[in-house]
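Asker: can't give you the sequence, but here's the structure:
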């Protein structure tokens, strides 16, 4: 793909993610205008809003795949892996702010999301097994709390840089979920 075409695609996907998160009925013409490209350019690439949704989901999941790989959840020490994961996933959430539950309408995307959730569940279980998180919490609570805190910080506090967000979140989680 030519560099300008790649830039246009990236602009359309990120703009589409932002506008569709604000209003799922946003038109392709609106997305194209906001992204600074002709709507025919968008229609050549995406036949419908649903196709654009699917592409946005795919881009978000691709970015998350990279974060999973770089954070080394399986082998890095828990605190290091958690920090790396949060530092990487915060920008992904900010670039593609669509509610991930909207992926339910796209089977392939939702299957990938489910695999991500399972991989993170295994990591959190490792954190519990290694004593990083308490073992007396209801099953899934640590993972769900972590997801919520990351999402809140990413969306509601855009002025916080990803590394600082990771420091804040890890400290908050360990203080709240760490052994008393």
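Answerer: It's in. Because the structure is predicted, anything quoted here is derived from the model rather than measured.
Asker: wait, what's in contact with residue 166?
Answerer: With contacts taken as CB atoms under 8 Å, 6 or more residues apart in numbering, residue 166 has the following neighbours: 83-84, 86-87, 90. C-betas here are computed from N, CA, C, even on glycine.
Asker: how close does residue 108 sit to residue 81?
Answerer: Distance, residue 108 to residue 81, using CB to CB, to the nearest Å: 27 Å.
Asker: that older thread, can you select the buried ones among the contacts of residue 166 for me in ChimeraX?
Answerer: Here is the ChimeraX command that selects only those of these that count as buried (16 or more other CB atoms under 10 Å):
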select :83,84,86,87,90
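Asker: still on that earlier bit, what about residue 108 and residue 81, which has more around it?
Answerer: Counting neighbours by other CB atoms under 10 Å for residue 108 and for residue 81 shows that residue 81 has the greater number, 21 against 12.
Asker: and that one, what helix or strand is that in?
Answerer: Secondary structure here is read from DSSP states H and E; on that basis residue 81 sits in helix 78-95.
Asker: what do you get for residue 174?
Answerer: Assigned by DSSP H and E, residue 174 belongs to helix 162-177.
Asker: avg pLDDT for that helix?
Answerer: Helix 162-177 shows a mean pLDDT of 87.
Asker: residues of it that come out buried?
Answerer: For helix 162-177, by 16+ other CB under 10 Å, it's 162, 165-166, 169-170, 173, 177.
Asker: what residue ranges in the chain are flagged as low confidence?
Answerer: Scanning the chain with the threshold set as pLDDT under 70 gives 1, 176-180.
Asker: redo that, cut-off 80
Answerer: Low-confidence regions of the chain, defined here as pLDDT under 80, cover residues 1-2, 5, 175-180.
Asker: quick one, helices of it?
Answerer: Counting by DSSP state H, residue ranges of the helices within the chain are 3-22, 28-35, 39-45, 49-71, 78-95, 107-129, 141-156, 162-177.
Asker: to residue 101, which of those lies closest?
Answerer: Proximity to residue 101 (CB to CB) singles out helix 107-129 among those, at 9.0 Å.
Asker: elements contacting the closest one?
Answerer: On a contact count with 3 or more CB pairs under 8 Å, 6 or more residues apart in numbering; DSSP states H and E, helix 107-129 meets helix 49-71, helix 78-95, helix 141-156.
Asker: can you put the ones you listed in JSON lines and add distance to residue 129?
Answerer: Converted to JSON lines, the helices and strands packed on helix 107-129 look like this (distance: least, CB to CB, whole Å):
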{"stretch": "helix 49-71", "distance to residue 129": "18"}
{"stretch": "helix 78-95", "distance to residue 129": "9"}
{"stretch": "helix 141-156", "distance to residue 129": "12"}
